[in-house]
Every structure is written in structure tokens, then in C-alpha cells.
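Student: Just the structure for this:
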Amino acid sequence: MAKNTKSASSLQRSKRKAKPASGKDSAIGGRVIAGLNDALLHARGELALPSYTVAVPDDIDVADVRRRLGLSQSAFAHTFGLDVTALHAWEQGRRRPDRAARVLLAVIAKDPHAVLRALAG
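Tutor: Sure, this is the predicted structure:
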């Protein structure tokens, strides 16, 4: 094909006009751009972004948490999706809950209804 000729498909593509962004797309794009601008300002030290520190307890009295809720070991395990054998071992001091379990137990101790809402099927 000669240099100054166009194929039929390229002519059709050039005749099509770009669709303007819908309101939803432009709103999302605006939020993305604003977020990127904030990231640049933060990287330059011109903007302090909110932050927090997570404090994972080293030890947690699992039996105390369970008793405060008035649940048996099996009911506590079933209610919060825990293994009852692991729960027995934690309460008897034979095993220590891993980090993820300690986080879950800390949330249960502070706001058991939040965990129940999150796990509701």
C-alpha cells in the first residue's frame, strides 16, 4: 500500500469520535488524580497524611475473654470460627495463639459484635 493511502479500517477508525467520559468515569479519574497529587505532596514532605500504629498484644488471656462473654469453650470457638482444640491449648498454656489469632482475640475482647458482623454469612 502506498504511503499516503489509508486502509478502509483505518478510515473507519478515524471517523469514529472518542466518547466523552461518563460522569462516573470522570469522577473516578478525578479521585485518582487527587490521590496521586496527595502522594506527590506527601513524598515532598508538603503534606502529612493520617497514620496509625497497630498494637498487637504479646499475650492475651483467652479464658478471660471467653468468660466475659459468658460462653463455653466450644460455643466461643464455634461463634468466632476458632478451632476448639487450639482454644483448649491456649487456655491451658500448652500453646500460644499466633499473631493473627491474637489480633482476632483482641478485637473480640474489645468489640465482639464487630467480629460477629464481619463473619455473618
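Student: What segments of the chain are helices?
Tutor: 8-15, 23-43, 62-68, 73-80, 84-91, 99-110, 112-119 (DSSP state H).
Student: what's the least confident stretch among these?
Tutor: Of all the helices of the chain, the minimum mean pLDDT falls on helix 8-15 (a mean of 48).
Student: how does this protein divide up, domain by domain?
Tutor: As assigned by automatic domain parsing, the chain contains the domains 19-51, 62-119.
Student: Return the most buried member of these.
Tutor: Across the domains of the chain, the average number of neighbours (mean count of other CB atoms under 10 Å) peaks for domain 62-119, which reaches a mean of 15. Just so you know, the C-beta spots here come from the backbone N, C-alpha and C atoms, and that holds for glycine as well.
Student: Ends of that domain, what's the gap?
Tutor: 19 Å (CA to CA, to the nearest Å).
Student: rewinding a little: now tabulate the helices of the chain in JSON lines and tack on distance to Thr53.
Tutor: Converted to JSON lines, the helices of the chain look like this (distance: least, CB to CB, whole Å):
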{"stretch": "helix 8-15", "distance to Thr53": "54"}
{"stretch": "helix 23-43", "distance to Thr53": "18"}
{"stretch": "helix 62-68", "distance to Thr53": "22"}
{"stretch": "helix 73-80", "distance to Thr53": "25"}
{"stretch": "helix 84-91", "distance to Thr53": "25"}
{"stretch": "helix 99-110", "distance to Thr53": "14"}
{"stretch": "helix 112-119", "distance to Thr53": "20"}
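Student: right, and the ones you listed - which one's nearest Ala55?
Tutor: Closest approach to Ala55 among those (CB to CB): helix 99-110, 8.5 Å.
Student: and that closest one, how far from the chain's centre?
Tutor: The chain centre lies 16 Å from the centre of helix 99-110; the measure is CA atoms, centre = their mean, to the nearest Å.
Student: and the angle from that helix to helix 84-91?
Tutor: Comparing the axes of helix 99-110 and helix 84-91 via axes from the mean of the first three to the mean of the last three CA atoms, to 10 degrees yields an angle of 80 degrees.
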